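> Give me coordinates for this.
(2 chains)
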Number of protein chains: 2
Amino acid sequence: MTKFQLTILGCNSATFAYNRHHTAQLLNIHDRQYLIDCGEGTQIQLQKYKVKIKRLNHIFISHLHGDHYLGLIGLLFSMHLSHRTEPMYIYAPNGLDEILTTHLRHANTQLNFPIHFRATNPEKSEILLDEDEVLVRSFPLDHRIPCCGFVFEENHTQRRLQIDLLPPAVQPYHLVALKNGEDVEIGGRIFRSEAVTLPPKPNKKYAYCSDTRYNEAILPYIAGANLLYHEATFGSSDEERAAQTFHSTAQQAAIIALKANVNQLVIGHYSSRYEDVTPLLAEAQSVFADTIAAEEGKVIEIQNCEAMSN
Amino acid sequence: MTKFQLTILGCNSATFAYNRHHTAQLLNIHDRQYLIDCGEGTQIQLQKYKVKIKRLNHIFISHLHGDHYLGLIGLLFSMHLSHRTEPMYIYAPNGLDEILTTHLRHANTQLNFPIHFRATNPEKSEILLDEDEVLVRSFPLDHRIPCCGFVFEENHTQRRLQIDLLPPAVQPYHLVALKNGEDVEIGGRIFRSEAVTLPPKPNKKYAYCSDTRYNEAILPYIAGANLLYHEATFGSSDEERAAQTFHSTAQQAAIIALKANVNQLVIGHYSSRYEDVTPLLAEAQSVFADTIAAEEGKVIEIQNCEAMSN
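Numbering: from 1, shown residues only, chains lettered A, B, ... in the order given. I've put the predicted structure just below:
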């Protein structure tokens, strides 16, 4: 089975506390790596958890609050010092480009590798990346400053051949056509694609929502995800404070998971008022049973329903 | 005895390695705190070593390479979230003000406390701070970009009264004059300040040099320091590389310590090529015996010669 795996590198909000770092996650899809947010110390966390990032070419930053991107500059400097030459693609709100160039200018440093910056759109969902059967979309979250969530989805479009249903005279160009859903003629006989192939592999989907107020407008984007990460900064007793600060409670995260009909929920971005996050987890589980709590170093295998039911 | 104490928070150069963080030091003089450089993760290191920073009002940044200041923005954000209101004074090369305001603007955040920024002068030595018997001077280092060292020095100017040499008729204003070195007349008799007072308490001095090539032009500024921190990025076998990258070897750091006639040397800013820094320490000690190697969490009590010989 192809890899679709999430590693939690940081899960605390705002201030560093209880040895919990700021938000950062590394997603591995088919051995390609995608970094999602990059709080201070992310490069240290990567070393701590022995995560090699040789196949990391795309970094996604949800918004420009320090706890979501302050580790990025140091990470890029370290890649530079490690003689990286491959381009790096960075997707972030407008402004991160100015921040990066300001740092580089004062350090009088030109990176060994090019950075391709794409500003995310905080107003509407957009496709950010479409490569090798991986599709990444952004969508607007509801935060104090422009903020986007991200959906990472496999994009298997080719039908799967049932080779034993085909005659020996089949040619490679027949196979290509059949995988693309086209019918072919072999030795005067018509072979319908639907008859000799199975549908494409089911696509796994990971949805990332941080930081955001409770907002059902995000449901269409995250619907049916195999795994949903949704921030749960507070418990329900602080629901008012959550709304004021454009954050969510654990219960609200679970309601979103339920309404979006996802398979599994992982909560994180805990406020420093919670040394023990068990109550937040319990609160979410009471609404949506299949919830787990983000912990640094935790690796979550994202499975599709077919695999899960096997 | 009044406190004059240095805590090492980070001692690695360039890239994070072997669990060694980037440069940061906290100096405590008479229970006032001074942060010197602030590499990524400094706020995390402060928590790790349980260093409270309630009396930290002055931050000194030597230069704008990321490994010397990338932790500053997060530290200031955390102070903001902890409801700090006291002004913070930051001394750094021109440009750090632009970097900070760029981050704050994109975070749409106005800190709860004012920042007073003073640009250091990479061309000549200047007094940066003169408060409560502590004097801080900058001086030019020899690095690839503008870079300053710092000297922190007690500034005891008042002579110490020998009260038993004075008559009962002595008045408070006599004491003030005598402490300031002025002679006084008490009951028709002249008392010479020099005769009834001892010289001011000896002033302790800490000199900080990072990052710099070997350069004897710094000797006048650091001469006679009780403790000298001098970078020692490389060993002597990499002397050429040290010069090319505007860094020093451990041997060069020790030669500087010897020529500046300091009491003690602490080396740091180790290249990631050295997992074990014992060879660097041995190299320095062979030139200047009283050398120690910076280690994270190490606390160094800075003593004056008088106290040391007692």
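> mind checking the end-to-end distance for stretch A:190-209?
48 Å (Cα to Cα, to the nearest Å).
> in it, what counts as buried?
By 16 or more other Cβ atoms under 10 Å in any protein chain shown, the buried positions in stretch A:190-209 come out as A:191, A:193, A:196-197, A:200-201, A:203-209. C-beta: built from backbone N, CA, C; applies to glycine.
> Report the contact partners of the nearest residue in space to residue A:200 that is not next to it in sequence.
Take residue A:200 and drop its neighbours on the chain: the residue closest to it by Cβ to Cβ, 6 or more residues apart in numbering or on different chains is residue A:156, 4.2 Å away. Neighbouring residues of residue A:156 by Cβ atoms under 8 Å, 6 or more residues apart in numbering or on different chains: A:133, A:200, A:201, A:202, A:203.
> measure the nearest residue to residue A:145 once chain neighbours are set aside to residue A:120 for me?
Excluding the flanking residues, the one nearest residue A:145 by Cβ to Cβ, 6+ apart is residue B:108, at 4.9 Å. Note on residue B:108: its distance to residue A:120, by Cβ to Cβ, to the nearest Å, is 16 Å.
> Comparing the two, which residue is more hemmed in?
The neighbour count for residue B:108 versus residue A:120, taken as other Cβ atoms under 10 Å in any protein chain shown, is higher for residue A:120 (24 against 12).
> was I right about that one contacting residue A:93?
Yes: Residue A:120 lies in contact with residue A:93 (Cβ atoms under 8 Å); the separation is 5.6 Å.
> intersection of neighbour lists for these two?
A:146, A:148.
> can you pull the pLDDT of residue A:310?
Note on residue A:310: pLDDT of 35.
> and residue A:168, what element?
In this structure, residue A:168 is located outside every helix and strand according to DSSP states H and E.
> Quick one: classify the closest residue to chain B within the stretch 151-300 of chain A as helix, strand or coil.
Residue of the stretch 151-300 of chain A nearest chain B, by Cβ to the nearest Cβ: residue A:272 (8.5 Å). Under DSSP: H, G, I helix; E, B strand; the rest coil, residue A:272 falls in the coil class.
> What of the one 4 residues further on?
Here residue A:276 takes the coil state, with states given by three-state DSSP.
> Spit out the contact partners of it.
For residue A:276, the contact set (Cβ under 8 Å, 6+ apart) is empty.
> Report the beta-bridge partner residues of residue A:148.
In this entry, residue A:148 is beta-bridged to residue A:140, by DSSP bridges.
> so it makes contact with residue A:122?
Yes: assessed by Cβ under 8 Å, residue A:148 is found in contact with residue A:122 at 6.1 Å.
> Mutual contacts of the two, please.
Common neighbours of residue A:148 and residue A:122, using Cβ under 8 Å, 6+ apart, are A:93, A:140.
> Pick out whichever of those two has more residues nearby.
The residue with more neighbours, out of residue A:148 and residue A:122, is residue A:148; 28 against 18, by other Cβ under 10 Å.
> Kindly report the residues of the stretch 201-310 of chain A close to chain B.
Counting by Cβ under 8 Å from any Cβ of the partner chain, no position of the stretch 201-310 of chain A is adjacent to chain B.
> hey, where'd the helices end up in the stretch 201-310 of chain A?
With DSSP state H, counting those that start in this stretch as the criterion, the stretch 201-310 of chain A has helices at A:219-222, A:239-244, A:250-259, A:278-285, A:305-309.
> among those, which is the most enclosed?
Each of the helices of the stretch 201-310 of chain A was assessed for mean neighbour count using mean count of other Cβ atoms under 10 Å in any protein chain shown. The highest is helix A:250-259, with a mean of 23.
> Can you name every helix or strand that that helix contacts?
Packing partners of helix A:250-259 (3 or more Cβ pairs under 8 Å, 6 or more residues apart in numbering or on different chains; DSSP states H and E): helix A:219-222, strand A:227-231, helix A:239-244, strand A:264-268, helix A:278-285, strand A:291-293.
> run the last query once more with 7 Å
Judged by 3 or more Cβ pairs under 7 Å, 6 or more residues apart in numbering or on different chains; DSSP states H and E, the packing partners of helix A:250-259 are strand A:227-231, strand A:264-268, helix A:278-285.
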